[in-house]
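Student: give the three-dimensional model of this entry:
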Amino acid sequence: MADNILQGMHGCSREDEYVTPADPLIRERLEWFQDQKLAMMMHFGIYSQLGICESWPLSDDDASWSREDVIWEKDPEVFKKQYRDMNRSFNPVCIQPDAWADVAARNGFKYLIFTTKHHDGFCLFDSKYTDYKVTGEDCPFHTHRHANIVRDVFDAFRNRGLAIGAYFSKPDWHCPWYWAEGMEKPVAASRNPTYDPARHPEIWDKFVEFTHNQIMELISDYGRIDILWLDGGQVGPQNGQDIRLSDVVARARAIQPWLITADRTIGGENENYITPEQSVPTSPIHVPWESCVTVGRAFSYRYDETYKTPRELVHLLINVVSRGGNLALNIAPAPNGTLPRPAVKAVDGLGAWLRGNGEAIYGTRIAEVSEADGTAFTRKGDMNYALMKLPEGEALGETVLIPWVKPVSCVRLLELDAALPFETTEAGLKVSIPEILRGSSPLAPVFRLEP
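Tutor: Predicted coordinates for the structure are as follows:
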């Protein structure tokens, strides 16, 4: 593992094993992807009702860390039945896909990554291959005008100019061909199948067909999809769980040839970009990558959640972008379908900063010097940008020192579009701050360094 990639909850693949796609269109689309910089990720499902970790509490092997919030029930079998039965109470009647999309559009998000199905198998789309879905008759939400949540959310975000990423879980813990009953292992014993696929290929083949069918539903019936974001890294050839992903990706690209695939943690031809989770690399990565990080503490909704401040979000985005990546910022909707106000307030602060400083974020690449002394740098062509991560409570004085030693002809403060007096020193550029900003503590002042 490259030492600049911090291990997140599930880690990520190695930069030095990245496989560049052979298809020139996919390589072109990855250049597009690297221009976007900011995604809104959303984890939403039946688990939202209890305010607990998504899906993972169903797996006994993962109970020690995932059931920390399950304080009302000690019997794991009773709890797991409570979880599985939440399809019968899922009813987010306050959902407004257009309102979600408005929050994203006004705050500079460029694409969406939305959970069409998590590991628990509950589909937020109208799959023909299961009754465990938001449009199923057992789900009280199935008569709502937005019952096909994925369709309406994708349409709303697409209508506001955002690209679409479909999160899809490869494991399905509700499918009778993954956690099959009466096999070598009990149902829900672990995140893996209850049987060895090599010993029971007739069962495994049914699961592969089921998985391919659901992926093709999303590709065929839900409009343009730019990214297929595949979670559940245990499902892969390296673990004896080959779902023949390349076959279904080829079928998908016959319909949507531009489709980027993120087969997380697997490597190879279908992991078109790598995905650190709840972590940011400590130095630049020179292949396409995206960190998924939460606005709060968790990917799924929590009743007692605490949220990052706008300053923390801005500095997080700067760290990601200056090191060559995109940020997928996760907002978890509440059980009723609304977005938590503190989360919206936080991303509104990020959006306000981006409106004045987005030039230094979107469409940029790694600068020759990525960061030094609390200042990060990005590059667009021959233009460089210095993004100063000002700590909370630290005020600007009469001058700042930008640790940049290459020649520049002009230093311009982006938010005011003002050329500033400066002098070149051995330590960098000593820049005079306009009087109107002295004593203030902006989230992160940005300077364009013109050649």
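Student: residue contacts, residue 342?
Tutor: By CB atoms under 8 Å, 6 or more residues apart in numbering, residue 342 lies in contact with 305, 307. Every residue, glycine included, has its C-beta placed from N, CA and C.
Student: could you number the chain from 638 rather than 1 from now on?
Tutor: New numbering, starting at 638: the last item is residue 979.
Student: that one belongs to a strand?
Tutor: No. Under the criterion used here (DSSP: H, G, I helix; E, B strand; the rest coil), residue 979 is helix, not part of a strand.
Student: okay, helices next: where are they in the stretch 788-937 of the chain?
Tutor: Taking DSSP state H, counting those that start in this stretch as the test, the helices found in the stretch 788-937 of the chain are 838-858, 882-892.
Student: work out the gap between the shortest one and the centre of the chain.
Tutor: Averaging C-alpha coordinates over helix 882-892 and over its chain gives two centres that are 23 Å apart (CA atoms, centre = their mean, to the nearest Å).
Student: ditto for stretch 690-709
Tutor: Per CA atoms, centre = their mean, the centroid offset for stretch 690-709 relative to its chain is 22 Å.
Student: average pLDDT for it?
Tutor: The pLDDT scores in stretch 690-709 average 97.
Student: buried stuff in that stretch?
Tutor: 690-697, 699-700, 703-704, 706-707 (16 or more other CB atoms under 10 Å).
Student: equivalent analysis for stretch 942-952, please.
Tutor: Within stretch 942-952, the residues scored as buried using 16+ other CB under 10 Å are 942, 944-945, 947-952.
Student: end to end, how far does it reach?
Tutor: Terminal residues of stretch 942-952 lie 21 Å apart, using CA to CA, to the nearest Å.
Student: can you pull out the strands in the stretch 688-837 of the chain?
Tutor: In the stretch 688-837 of the chain, the strands defined using DSSP state E, counting those that start in this stretch lie at 748-754, 800-806.
Student: just give the nearest non-adjacent residue to residue 1037, would you?
Tutor: Once flanking residues are discounted, residue 1037 sits nearest to residue 1068: 5.3 Å by CB to CB, 6 or more residues apart in numbering.
Student: what about the one you found, neighbour count?
Tutor: As a burial measure, residue 1068 scores 22 neighbours (other CB atoms under 10 Å).
Student: show me the domain layout of this protein.
Tutor: 652-997, 1002-1087 (automatic domain parsing).
Student: tell me who's in contact with the nearest residue to residue 826 once chain neighbours are set aside.
Tutor: Nearest residue to residue 826 in three dimensions, chain neighbours excluded: residue 697, at 5.4 Å (CB to CB, 6+ apart). Counting by CB under 8 Å, 6+ apart, residue 697 makes contact with 713, 825-827.
Student: who does the residue nearest the centre of the chain bridge with?
Tutor: Centroid-nearest residue in the chain: residue 965, 3.4 Å away (criterion: CA atoms, centre = their mean). Beta-bridge pairing of residue 965, defined through DSSP bridges, involves residue 676, residue 929.
Student: let me know the pLDDT of it.
Tutor: We have a pLDDT of 98 for residue 965.
Student: what do you get for residue 645?
Tutor: At residue 645, the model reports a pLDDT of 51.
Student: now swap in residue 653 and tell me
Tutor: For residue 653, pLDDT reads 82.
Student: so it, which state does it fall into?
Tutor: Applying three-state DSSP: residue 653 is helix.
Student: starting at the chain centroid, how far to stretch 853-863?
Tutor: On CA atoms, centre = their mean, the centre of stretch 853-863 falls 19 Å from that of its chain.
Student: shouldn't the residue nearest to residue 1037 be within a strand?
Tutor: Yes. Counting by three-state DSSP, residue 1068 is located in a strand.
Student: that one and residue 992: what is the separation?
Tutor: 22 Å (CB to CB, to the nearest Å).
Student: now swap in residue 949 and tell me
Tutor: Taking CB to CB, one finds residue 949 at 18 Å from residue 992.
Student: next one: residue 977
Tutor: 22 Å.
Student: same thing with residue 652?
Tutor: Applying CB to CB, the value for residue 652 to residue 992 is 33 Å.
Student: list the buried residues for stretch 856-876?
Tutor: Those would be 856, 859, 862-873, for stretch 856-876 by 16+ other CB under 10 Å.
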